[in-house]
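*Asks:* Test case, fold it:
(6 chains)
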Protein chains: 6
Amino acid sequence: MRIKVINPNTTAGMTAKIGEAARAIAAPGTEIVAVNPAAGPVSIEGHYDEAVSVLGVLEEVRKGEAEGCDGYVIACFGDPGLLAAREVATGPVVGIAEAAMHAASFISTGFSIVTTLTRTCVIAEHLVERYGMHRACRKVRGTDIPVLDLEGTGEEAGEGGGPVFRAIVAECRRAAAEDRCGAIVLGCAGMADLVARVQREVGLPVIDGVAAAVVQVEGLVRLGLGTSKHGDLAWPLPKTYVGDLARFAPAAR
Amino acid sequence: MRIKVINPNTTAGMTAKIGEAARAIAAPGTEIVAVNPAAGPVSIEGHYDEAVSVLGVLEEVRKGEAEGCDGYVIACFGDPGLLAAREVATGPVVGIAEAAMHAASFISTGFSIVTTLTRTCVIAEHLVERYGMHRACRKVRGTDIPVLDLEGTGEEAGEGGGPVFRAIVAECRRAAAEDRCGAIVLGCAGMADLVARVQREVGLPVIDGVAAAVVQVEGLVRLGLGTSKHGDLAWPLPKTYVGDLARFAPAAR
Amino acid sequence: MRIKVINPNTTAGMTAKIGEAARAIAAPGTEIVAVNPAAGPVSIEGHYDEAVSVLGVLEEVRKGEAEGCDGYVIACFGDPGLLAAREVATGPVVGIAEAAMHAASFISTGFSIVTTLTRTCVIAEHLVERYGMHRACRKVRGTDIPVLDLEGTGEEAGEGGGPVFRAIVAECRRAAAEDRCGAIVLGCAGMADLVARVQREVGLPVIDGVAAAVVQVEGLVRLGLGTSKHGDLAWPLPKTYVGDLARFAPAAR
Amino acid sequence: MRIKVINPNTTAGMTAKIGEAARAIAAPGTEIVAVNPAAGPVSIEGHYDEAVSVLGVLEEVRKGEAEGCDGYVIACFGDPGLLAAREVATGPVVGIAEAAMHAASFISTGFSIVTTLTRTCVIAEHLVERYGMHRACRKVRGTDIPVLDLEGTGEEAGEGGGPVFRAIVAECRRAAAEDRCGAIVLGCAGMADLVARVQREVGLPVIDGVAAAVVQVEGLVRLGLGTSKHGDLAWPLPKTYVGDLARFAPAAR
Amino acid sequence: MRIKVINPNTTAGMTAKIGEAARAIAAPGTEIVAVNPAAGPVSIEGHYDEAVSVLGVLEEVRKGEAEGCDGYVIACFGDPGLLAAREVATGPVVGIAEAAMHAASFISTGFSIVTTLTRTCVIAEHLVERYGMHRACRKVRGTDIPVLDLEGTGEEAGEGGGPVFRAIVAECRRAAAEDRCGAIVLGCAGMADLVARVQREVGLPVIDGVAAAVVQVEGLVRLGLGTSKHGDLAWPLPKTYVGDLARFAPAAR
Amino acid sequence: MRIKVINPNTTAGMTAKIGEAARAIAAPGTEIVAVNPAAGPVSIEGHYDEAVSVLGVLEEVRKGEAEGCDGYVIACFGDPGLLAAREVATGPVVGIAEAAMHAASFISTGFSIVTTLTRTCVIAEHLVERYGMHRACRKVRGTDIPVLDLEGTGEEAGEGGGPVFRAIVAECRRAAAEDRCGAIVLGCAGMADLVARVQREVGLPVIDGVAAAVVQVEGLVRLGLGTSKHGDLAWPLPKTYVGDLARFAPAAR
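*Replies:* Residues are numbered from 1 along each chain as shown, chains lettered A, B, ... in the order given. Here you go, the predicted structure:
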């Protein structure tokens, strides 16, 4: 099976890291295609960044259909463009925020999310509501780490992990101490390579959405479940798109 | 005051109609600038259409800032790109769905929404939740009228109003009879010119979001209230956007 | 257009202040009639005060109908008698709490309310629920300032504003620091004259419900929207009221 | 123990009926004082009627304190003035809607409410939300029977019960057939004498709020639980009330 | 009337204490039969303990039916087996958590729960949701007192009450100071003998679920209300149970 | 990896069917151990059946720990004993109702559940709430098919499938026509062998919880995620259990 893992931002280093995390968890026989759009923001740290990134996500899904992809992962914690992507996909499309929260809800009765900038907490909180996780999610915690500062915090940061890694661990520990949570969700695809080391330091189960989403997509594909083409997730109605966006026009099927 | 009313789809005829509805309600001294993006779908009838339309909405808001606009209306019932648009606006940005629902909640304890395609009902239902209107909104009703079939249903359709108009009236009457609602919200900017005639036929107060949003923006501007620049609606962080979307990069301020 | 702004308590000084705030925001051509009932509590600081004040509110609305008022503002943060007032009004009736919360929800994704006595916080919290603002409202904060202590805290208090003003500013700052809120709602009509100065001190958008409600009523009237006379807000059924309250009996229409 | 059962409307015949229902269930040693205000509406069929009735309810509670009452029942299905009444009561105050819904939730996982005019359904629905009964309450059903038409429908109506009784039974049967409910709550104090006969006809447990509230108050008093005087239900702050309502001013304590 | 009060754990000392509390509140003419299962955990401090205890609860209810019991109290704050017990009971079955929360909601607009081990807080929180008490319940607070440490903390502990008693009082005081609550619910049947003394120390109304449930059951029985035998609480379908649990098989009726 | 699939009822035929469905979906290398308790009800059709079945579920999980099982599926649509089972498991424990609902929420914005007896609908509805699926789940539909009537409806029923199969298909079609749902969840483990054929007839994606739960457990195990041993799902506190249930006592660890 071929799963396309889409990093909605355009930073190739992060795409590589996400691809590695995806491949590390993928089942034998699963091919991971990790990509990022050719155009868009280098990181996603707000509603605006996210909204602009959606176009690239949709383009990658549409290309994926032509490439015979069986399913898709949207690898940004805001799950940008999720429902739109589902409209243009045959197979399942899973966001890393939803995958991580669902996984956390299976192994604990309460989890906290540790994310990057405080200004993005509200994005996660809106998803918590949308996914019905308001009882399971105890708190969303910002660390005010810019997304791109997560680069270079992996194993290569050496013993101790560097200040960014330490800040994440510290916030996870505060969550463990104050939120009565049984698990922690890391709220950024850029943290995908940190999950094992954070878990070691914190003691609680720590969940990375990239890996969680890959196994979720694999599972749905094995179940024979693609996106429902009945109702609002059916193929977009064929129609004209004009101007620079004409190529996004849905074809008749 | 200058209010930019953005039709997120690219059908000029609908933009003209929306502009007329906006001007008809605007206070003396309010200049209405009705626009649509140069690129994008000719109508919005699903998550995908909507997601692609967001880029044009954001471009128009950004241009509006340079043009000295005091506030913005997003004139599509899915309120596409609302939070992203707020990040790049100084003044208030109001969607027609939220404006219409808020207005309905001031004059009734329960309203129903009559919209176009059934497949878009779920979009309205998600907004109902997001805006906290789940108690006030009794039902979202689809009519399966394609958005562009609304063209030519205004006064020019003559006595009786034509089959599209009749279908809308019929659904509104069903709502009045079955939903125990005190008001009806028309769920498409393309219905902006029908509101008075529908109300005449149906008896209940009928609300068009375009007009409702214009007075809402006027009110907020008069109150001296722009979009809060504290927290998640603050200006987007300056950063690089690459490729075709480079021009969307937020500038340093 | 004529809007009656009803201060539900009987303190003329507060009525004058509320009237000024209303007139300061009203559009040219809007006549503000600021009144308070002849009978009732001098301030409203609990469920009981509020319940007794409702009679005066209703009397003023009924008189307003005879006087040709086009809409009404209920200028107490508990929105006392709101639905009952709507039953006896042709035009729209808007409470200052609902107007302020709706306005705050248009310019931020989260707001906090700063009110007077802690014992009234629960009243605001109940309204937050009733208006579907539980996601948008981050916190309701009491200051334990008695309502009538707000008299004399306006510009006349001079440089610095006096201890009551300082206490309000201090609580708003705590909200800004701790609640991750983008805007603040002042939770008492008696704070109507403080809003500009508080905003100056606090930095965040600060919202006064009196002004917010006036523009809301103006907007609804311009939209041609009065209270729906279909369903539970229809005119009260004509019937006998006995004793001292006989004059409140709804007439046949 | 002395329990005051307050019929908020001024129809003595209904007060007598309510008093009988209360006495029929009261424990030995419980004295039931059934009263109605001297002033106010002869029946309560909307927000306005209800709001005006509150004054009489509060007056009766205040007199009850002087008379040594141990607890209070508010015998109208809108529970008018409930929180205000609690502020001026030492003992517990229970509304018949809340008592009936709580009782229904103990004996079933879902109940329906059968009430009088359809326009009052929304009042019951708001209470359902306020009391957290949205999961337990399957539906609120209006019968469009005016409250005063309930007079003369008791045993005296003879075999079969007359058309009003039949209409209630018919609606209860529809509830049983369509709502998947395990119990039915009668939504009007004026139905207090019908409960046994309706239950006989319908088969399901049928609950009258008057009786339910009497046993609830008795229970709370026996538990030594009065209204909490900590927080928002503490005695109203002593202050001046002016004009005709001066006598409602809370005394210093 | 005969009410069976079932202590779901197997500690006879706690059963005796619970029986005393029940008898102390029971009306003249009410016979309290306090029992505990012959088999099961000596205390209930988690989901697992609770799940195993259900079998004993059901056995006691089934025996109670043969013994002519009119109603049942499940005297553990997790209300274990509540809906299952209702299926096999003719009369009402009330859990102490639900009884206590309902009572608290009648006398305050907000209450806090003080319970034993922090790990059981989530059990109480789930019940808060299930009973619709999420608005009324301000906080659930653990004290990390093991259930069996509550033995010997009654009057016999003498002046001051011993460290366990002091810890409970301290947590109640924190609730009163920090939670803006008007009442406190003691979250363990083992605290039944402490309620009066805790209330004396804390000042707020304090509620013990055992007593609250007894009066609730008495009230329902007097109202003629048993468990609804319509729908999901109807008698279990007669069927075969095999093995050691064969004796639990529901008989045909 | 070894996954134990526990059929909580004691009907071996159903266990075999469930085991087959589990093996059909399991990844290469996954060993499915399908079991049912030695004692308990032959089918689960209500709260009582379910409550009694929990003991067997817990016993099987405890044995599974000794047998080196990596994870568990509880194969009854009420997810009986889920949280208790998690306390005694090292690996993940997933219920088929939660797995099916989560899967449905990934491929549609709204699903309906088609289950067996109407009296069990409320059990599914409670789970919908508990799992935060109230927005995603459009309706729970009973078919009044007894669980054991599902035996013999598989392929062996031949062309057309027999009346039980036809009834399920008919209800699914009603869901598709009336509920605006994009997917259907089959609400009974006994339907595990029907899913492909039902989907063929109905057109919409149809989800069987047994298969969904197996892939979910596999995924969690591959992610290295077991049940969190922090908080309420930590190992049960070691303590004495007396009588017949002594063997259920949690050991010290």
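
*Asks:* drop to CA atoms for contacts and neighbour counts, all remaining ones
*Replies:* Fine.

*Asks:* quick one: average confidence on stretch A:225-238?
*Replies:* When pLDDT is averaged along stretch A:225-238, the result is 98.

*Asks:* Mind listing residues that contact it?
*Replies:* With C-alpha atoms under 8 Å, 6 or more residues apart in numbering or on different chains as the test, stretch A:225-238 has contacts from A:71, A:83-84, A:86-93, A:220, A:249-253, B:45-49, B:118-120, B:122, F:106-109, F:180-183, F:204-205.

*Asks:* again, 7 Å this time
*Replies:* Contacts of stretch A:225-238 with the rest of the structure, by C-alpha atoms under 7 Å, 6 or more residues apart in numbering or on different chains, involve A:86-92, A:250-252, B:46, B:48, B:119-120, F:107-108, F:180, F:182-183, F:204-205.

*Asks:* Identify those among those residues that sit within strands.
*Replies:* Among the contacts of stretch A:225-238, the members falling in strands (DSSP state E) are residue F:183.

*Asks:* In chain A, where is pLDDT below threshold?
*Replies:* Along chain A, segments meeting pLDDT under 70 span A:154-157, A:159.

*Asks:* quick one: the strands in it?
*Replies:* Counting by DSSP E, the strands of chain A are A:2-6, A:31-35, A:40-41, A:71-74, A:93-95, A:111-114, A:137-141, A:183-186, A:206-208, A:241-242.

*Asks:* could I get those strands as TSV with mean neighbour count?
*Replies:* Converted to TSV, those look like this (neighbours: other C-alpha atoms under 10 Å in any protein chain shown):
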stretch	mean neighbour count
strand A:2-6	25
strand A:31-35	20
strand A:40-41	30
strand A:71-74	30
strand A:93-95	30
strand A:111-114	27
strand A:137-141	22
strand A:183-186	30
strand A:206-208	29
strand A:241-242	20
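
*Asks:* With distance to residue F:231 as added columns, please give those strands in TSV.
*Replies:* Formatted as TSV, those follow (distance: least, C-alpha to C-alpha, whole Å):
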stretch	distance to residue F:231
strand A:2-6	34
strand A:31-35	36
strand A:40-41	40
strand A:71-74	31
strand A:93-95	28
strand A:111-114	11
strand A:137-141	13
strand A:183-186	9
strand A:206-208	15
strand A:241-242	53
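
*Asks:* quick one, which of those is nearest to residue C:33?
*Replies:* Residue C:33 sits nearest to strand A:137-141 of all these, at 47.0 Å, using C-alpha to C-alpha.

*Asks:* so how far is the closest one from its chain's centroid?
*Replies:* Mean-position distance between strand A:137-141 and its chain equals 17 Å (C-alpha atoms, centre = their mean, to the nearest Å).

*Asks:* partners of it in the sheet?
*Replies:* strand A:111-114 (parallel) (DSSP bridges).

*Asks:* then the partner strand to CSV, C-alphas only?
*Replies:* Provided in CSV are the C-alpha atoms of strand A:111-114 (Å, rounded to 0.1, in the frame of the first residue of the first chain):
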residue,chain,number,x,y,z
PHE,A,111,-4.5,13.6,27.9
SER,A,112,-2.8,16.9,27.5
ILE,A,113,-1.4,18.4,24.4
VAL,A,114,2.0,20.2,24.3
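
*Asks:* show me what contacts the closest residue to chain C within the stretch 1-150 of chain A?
*Replies:* Scanning the stretch 1-150 of chain A for the residue nearest chain C gives residue A:122, at 7.8 Å (criterion: C-alpha to the nearest C-alpha). Shown in contact with residue A:122 (C-alpha under 7 Å, 6+ apart): no residues.

*Asks:* ok, now with 8 Å
*Replies:* B:232, C:109.

*Asks:* and it, how far is that from residue C:180?
*Replies:* Remark: distance between residue A:122 and residue C:180 (C-alpha to C-alpha, to the nearest Å) = 9 Å.

*Asks:* again with residue A:88
*Replies:* Residue A:88 is 37 Å from residue C:180, where distance means C-alpha to C-alpha.

*Asks:* So the two - more neighbours on which side?
*Replies:* The neighbour comparison of residue A:88 against residue C:180 (other C-alpha atoms under 10 Å in any protein chain shown) goes to residue A:88, with 24 against 21.

*Asks:* Just give the closest residue to that one, not the sequence neighbours.
*Replies:* Once flanking residues are discounted, residue A:88 sits nearest to residue A:235: 5.8 Å by C-alpha to C-alpha, 6 or more residues apart in numbering or on different chains.

*Asks:* Now for the one you found, how many residues are close by?
*Replies:* 23.

*Asks:* cool, residue A:103 as well?
*Replies:* By the measure other C-alpha under 10 Å, the count of residues near residue A:103 is 27.

*Asks:* likewise residue A:82?
*Replies:* 20.

*Asks:* Next, the distance between the ends of stretch A:188-198.
*Replies:* Stretch A:188-198 has its terminal residues 14 Å apart, counting by C-alpha to C-alpha.

*Asks:* swap that for stretch A:143-150, sorry
*Replies:* End residues of stretch A:143-150 are separated by 12 Å (C-alpha to C-alpha).

*Asks:* Touching that stretch from outside, list them.
*Replies:* A:43-45, A:114-118, A:164, A:167-168, A:171, A:188, A:190-191.

*Asks:* how close does residue A:22 get to chain D?
*Replies:* Relative to chain D, residue A:22 is positioned 41 Å away (C-alpha to the nearest C-alpha, to the nearest Å).

*Asks:* can you pull the contacts of that residue?
*Replies:* Contacts of residue A:22 by C-alpha under 8 Å, 6+ apart are A:5, A:32, A:210, A:211, A:214.

*Asks:* Output those in CSV; the columns should cover distance to residue B:26.
*Replies:* Output for the contacts of residue A:22, formatted as CSV (distance: C-alpha to C-alpha, whole Å):
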residue, distance to residue B:26
A:5, 48
A:32, 54
A:210, 49
A:211, 52
A:214, 51
